[in-house]
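**Q** Pasting the sequence and the predicted coordinates here, then a few questions.
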Amino acid sequence: MSKRIKKFGALGLVLAITIGLLAWYLSTHSIPVFETGGVLAAKEKGLILFALLLAVIVVVPTFALAIMIAVKYNEKNITKKTKYQPDFDHSRLFESIWWGIPIVIIGILSYVAWNSSHTLSPYKSLAADKKPLVVQVVNLDWKWLFIYPEQSIASINLAEIPVNTPVDFQVTSDTIMNSFWVPALGGQIYAMPGMITQLNEEATKLGNFAGSPANIAGAGFSRMDFTIRSASLNDFNNWAENARMANRPLTSMSYAALAKPSESVPVSYYSSVEPNLFLNIAMKYMMPMGSQMSPQNSANRKVLLPPRRAPMMEGMN
Amino acid sequence: MVASWLLGRLSWHAFPTALVTEGAAISIVVGVLIVLGLITYFKKWPYLWREWLTTTNHKRIGIMYLIVAFLMLIRGGSDALMMRAQQATSVGAHNGLFSVSTFQQVFSAHGTIMIFFAAMGLMFAIINLVMPQQLGSRDVAFPFLNATSFWLFAAGAVLINLSLVIGDFSAAGWLAYPPLSELKFSPSVGVDYWIWSLEIAGIGSLFSGINFMVTILKCRAKGMTMMKMPMFPWSVFGSMTLVAFAFPILTVTLTLLYLDRTLGMHFFTAGAGGNAMMYVNLIWAWGHPEVYILVLPAFGIFSEIVSTYSKKRLFGYTSMVWAIWAIVFLSFTVWLHHFFTMGSSADVNGFFGIMTMLIAIPTGVKIFNWLFTMYQGRIKFANPMIWFMGFVFLFTLGGVTGVLMAVPPIDFQVHNSLFLVAHFHTMIVTGVVFGFFAGLNYWAPKIFGFKLNEKLGKIAAYLWIVGFVLAFGPLYILGFMGATRRLDHYAASTGWQPLFIVAGIGVLIIAAGVATQILQFLVSVLSRHWQRDPSGDYLNGRTLEWATASPSQEYNFAHLPEVKERDDWWRMKQDGEPPSKLPYRAIRVPVNSPHPIIIAACAFVAGFGFIWHIWWLVGLALVALLVTIFTHTLSDASGERIIPASEVKAIEETWLKKRELAK
């Protein structure tokens, strides 16, 4: 028996040290999915915790049951009183319980999944009363281009957004598919050539939020980190004003140069953006090979663009 | 001009120049040469050809599957070690051990090899090794097709490893999403290697699927109704139904991708009307069922093991059967959860989220049924049960993370992150791999004739479990920290390095587990004379495979059993039913054939030609393949050899005498 106590003592010690180290690590590092900086991320965090709680309700008793059965009916621990029923293979009551409990739990979670799929849809604008800031995002080899159509500026690998203001990221790719993910703001959406996807976010805190390009996109995939910086409206306006002074227009010509492969690109700005550049980037994949398209023409065919329903249709549901 | 006609894209540049790949290439070539040299030196070619390379016996084929699968497990495991080494060191100013291109080929190869050649190989090995005996059958329904399946599988495995020596491998991840896998972004032969090794192995898998389905439907012992069948064949039936429906999708999808790359078509390209999203849908319409193809047989194995080691009937047999078929059906309705983040509407995402969660219900039911099989039993915690207990705890936790990700908004936060990587490794390693290892230890005497060393088996199981927790626990946390999968480098400011190092240590412990398993096998071989199983039933088993000798006779059963109940061997022993007194009769067994290996060799050569655009070679190989099939069809009408009654009598009487002595 003392051997057993020693064994479990050692095991307990190892566990305690592991948990201690883990707690130290977690308290000294940032975990953006839980230390949220955005409306969406906060709600998603709530969902994660709720689902985990439900899981604990089922898993803990199951594990306790597993351990109890494994210990009690271990042939080494058998006493005269331990029952042995080799032909006990069916019980309507027991089986109803373990078909029933998962059905109830999954039922609850299904309800939550269906509802949250709608309320937290990345296509859904976060605030009906405020006009969202539109930021157009283009995945390039290997950097992110952020176009601000209303401000008519653009930036590389850094996008500043005003805090407490809904932002509508419209995402496409002019190369391989990637995924646009900002963990602290919440959620991600695929960036695909010829498609425009949407991610509605709203920052609730000031700060720099690391972006994680999330889908393998070729050789420079690990060297295309980007930052979303949340700032006060004043700072944001100043930032936009500064960008406008960069004296570097983004035209079809300079875009073609930008689109060429490059890695670890430093943050830089464009003072103006050619109208409809974003739509042209997305539309060029919809054309028969070789044919060119005028900006005028592409604007008229806007309705063809979104791969799914347009955002206003989503709102009508 | 002549050279390009003769050699296609092949040239001197195809041979590796990077140190890592060169090292791998040289060690593979040297290894193969040594093995071939030894076989020649000991003049074993005739033996090998007669007894193994041309065999159509399911048990021999099973052992060959096992060998290939284990080699591939080691190859895929080396890839895993390389990935962890890279990610533990490639931080900030440091660039890690491998180039980006090498690293991306390594993770693409790791996933592909582990799923298609290690996991699938182990699965087909175990099905071949024990399922016919469990059904009270003398072989599978189509032994020739079975051998062909195996050799196609082996050809795929050789082809994928050939990419280390000639050319390079895909760097587009294990499922090679376009546009990255299209010619524009992956101009080398890498993706073509990926396509053709999977095309060839995949067709082999489809043949196996059909073969085992027919075996289960048509080759059961007399009296064994479907509901008297052991649980392992039931789970195989579910799994093979999925194979038959899912693998054709894979074959077609790969073909379309190849047409894109080779003939400039535009099924999945970004431009000219192509749509990469169609590829993603198609590949997951195969890919999700594939997970259940692997895990269902592992569930079946656990059902057999828990029941035998608890000395109790399996609890809730009917529930178990229904659970299998619920899983089979549902597994075809959930594929979209692999890409909630592609921008589908909230309705579509919500629907697929709910369908995904539903699978947790039958799976949970199975866990409870196993626990209640143990309840009021007499449990012997031999090493298969250690694997099982590891599975119960880890797989349940993996299931929880799966249900989490089935909620679409949660998935938006963890998709493509290391959380996802940790989740699916939990399902596949603790579900599938633990199950197969448990099965191999459990059925070892049926396969090799001797038991495997128990102590080393237990140590291996514990090393795997501890290593697994250390290797994948940190990945769950890393996912929440924003770490995405497949990173060859990350900034020091992320603070991820300590967790990557712990994960690397975990993989090293798993590697120690694999080394222990190899040691276990060697020790068991050396001590085989003490570890024999003369009774053929060393565990007091329940199902019919334990009624055969260890290893099973070539024909499995001298007299085909007549089944009255579930666990019929247990019943026979309880009733004290004497061995059949009927006279021994001649038995027909499938005849050897050189054609399966030739067919696979032709497929291999054709695949090589397709990869390198050597069209004359493709033509030649395909003609040779057709000629071989016709030759086989025309030359060998019966396909059976007869073992005379006297020989059967001799074999049986020797064995039965040994069995009596063992009592």
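**A** Sure thing, it's come through. Numbers count the residues shown, from 1 in each chain, chains lettered A, B, ... in the order given.
**Q** where does chain A have low pLDDT?
**A** Low-confidence segments of chain A (pLDDT under 70): A:1-2, A:128, A:287-317.
**Q** Spell out, range by range, the strands that occur in it.
**A** Ranges of strands within chain A are A:133-140, A:143-148, A:153-156, A:158-162, A:166-173, A:178-181, A:188-191, A:197-202, A:207-213, A:226-231, A:249-250, A:268-270, A:272-273, based on DSSP state E.
**Q** how's chain A carved up into domains?
**A** A:35-119, A:133-316 (automatic domain parsing).
**Q** Now that A:Ile103 has come up, it's in contact with B:Ile361, right?
**A** Yes: applying Cβ atoms under 8 Å, one finds A:Ile103 in contact with B:Ile361, separated by 5.9 Å. Backbone N, C-alpha and C define where each C-beta goes, glycine included.
**Q** Give me the more crowded residue out of the two.
**A** Using other Cβ atoms under 10 Å in any protein chain shown as the criterion, A:Ile103 and B:Ile361 rank with B:Ile361 on top: 21 against 16.
**Q** for that one, helix, strand, or coil?
**A** Assigned by DSSP: H, G, I helix; E, B strand; the rest coil, the conformation of B:Ile361 is helix.
**Q** so what's the closest residue to it other than its chain neighbours up against?
**A** Computed as Cβ to Cβ, 6 or more residues apart in numbering or on different chains, the closest residue to B:Ile361 that is not its neighbour in sequence is A:Pro102, at 4.5 Å. A:Pro102 sits next to A:58, B:360-361, B:364-365 when contact means Cβ atoms under 8 Å, 6 or more residues apart in numbering or on different chains.
**Q** and the residues you listed, which are buried?
**A** Using 16 or more other Cβ atoms under 10 Å in any protein chain shown as the burial test, the contacts of A:Pro102 include A:58, B:360-361, B:364-365 as buried.
**Q** now the residues you listed as JSON lines including distance to B:Val466?
**A** Shown next, in JSON lines, are those (distance: Cβ to Cβ, whole Å):
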{"residue": "A:Val58", "distance to B:Val466": "25"}
{"residue": "B:Ala360", "distance to B:Val466": "27"}
{"residue": "B:Ile361", "distance to B:Val466": "31"}
{"residue": "B:Gly364", "distance to B:Val466": "26"}
{"residue": "B:Val365", "distance to B:Val466": "29"}
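**Q** A:Leu109: what's it in contact with?
**A** A:51, A:54, B:357, B:403, B:406-407.
**Q** which regions of chain B lie under the pLDDT threshold?
**A** If you take pLDDT under 70 as the line, chain B has these spans: B:1, B:636-638.
**Q** circling back: could you identify the pair within the contacts of A:Leu109 that is furthest apart?
**A** Maximum pairwise distance among the contacts of A:Leu109 (Cβ to Cβ): 12.4 Å, between A:Leu54 and B:Ala406.
**Q** the more surrounded of these two?
**A** It is B:Ala406, of A:Leu54 and B:Ala406, that has more neighbours when counted by other Cβ under 10 Å, with 26 against 18.
**Q** Can you pull up the most central residue in the chain?
**A** Chain wasn't specified; assuming chain A. The residue lying closest to the centre of chain A (Cα atoms, centre = their mean) is A:Gly187, at 2.5 Å.
**Q** should've been chain B
**A** Chain B has B:Met120 as the residue nearest its centroid, 1.6 Å off, counting by Cα atoms, centre = their mean.
**Q** How about the backbone phi and psi for that residue?
**A** Torsion angles at B:Met120 (phi, psi; degrees, to the nearest 10) stand at phi -60, psi -40.
**Q** Report the buried residues of stretch A:33-46.
**A** If you call a residue buried by 16+ other Cβ under 10 Å, then stretch A:33-46 has these buried ones: A:33-45.
**Q** Pick the one among those residues closest to B:His613.
**A** Using Cβ to Cβ, these come closest to B:His613 at A:Val33, 46.6 Å.
**Q** quick one: that closest one and chain B, what's the gap?
**A** Separation of A:Val33 from chain B (Cβ to the nearest Cβ, to the nearest Å): 4 Å.
**Q** For that residue, which residues are in contact?
**A** A:41, A:44-45, A:48, A:183-184, B:413-414, B:479-482.
**Q** Give me the distance between the residue nearest to the centre of chain A and B:Gln517.
**A** From A:Gly187 across to B:Gln517, the span is 42 Å (Cβ to Cβ, to the nearest Å).
**Q** And for A:Val56, the neighbour number?
**A** Residues lying near A:Val56 (other Cβ under 10 Å) number 11.
**Q** Repeat that for the one 10 residues further on.
**A** The criterion is other Cβ under 10 Å. On that basis, A:Ala66 has 19 neighbouring residues.
**Q** Touching, B:Pro498 and A:Tyr25? I think so.
**A** Yes: assessed by Cβ under 8 Å, B:Pro498 is found in contact with A:Tyr25 at 6.4 Å.
**Q** Quick check: which element contains B:Leu129?
**A** helix B:120-134 (DSSP states H and E).
**Q** quick one, the helix or strand following that helix and helix B:120-134 angle?
**A** Where DSSP H and E defines the elements, the next helix or strand beyond helix B:120-134 is helix B:143-165. Using axes from the mean of the first three to the mean of the last three Cα atoms, to 10 degrees, the direction of helix B:143-165 lies 160 degrees away from that of helix B:120-134.
**Q** one step back: which one of the strands of chain A is the most hemmed in?
**A** Across these, averaging neighbours per residue (mean count of other Cβ atoms under 10 Å in any protein chain shown) puts strand A:188-191 on top, at a mean of 29.
**Q** helices or strands next to that one in the packing?
**A** Applying 3 or more Cβ pairs under 8 Å, 6 or more residues apart in numbering or on different chains; DSSP states H and E, one finds that strand A:188-191 contacts strand A:133-140, strand A:166-173, strand A:178-181, strand A:197-202, helix B:408-414.
**Q** Recalculate using a threshold of 7 Å.
**A** strand A:166-173, strand A:178-181, strand A:197-202 (3 or more Cβ pairs under 7 Å, 6 or more residues apart in numbering or on different chains; DSSP states H and E).
**Q** Identify whichever of those lies nearest to chain B.
**A** Evaluated over these, closeness to chain B peaks at strand A:197-202, with 4.1 Å, by Cβ to the nearest Cβ.
**Q** Name every sheet partner of that closest one and say whether each one runs parallel or antiparallel.
**A** Sheet pairing of strand A:197-202 (DSSP bridges) gives strand A:166-173 (antiparallel).
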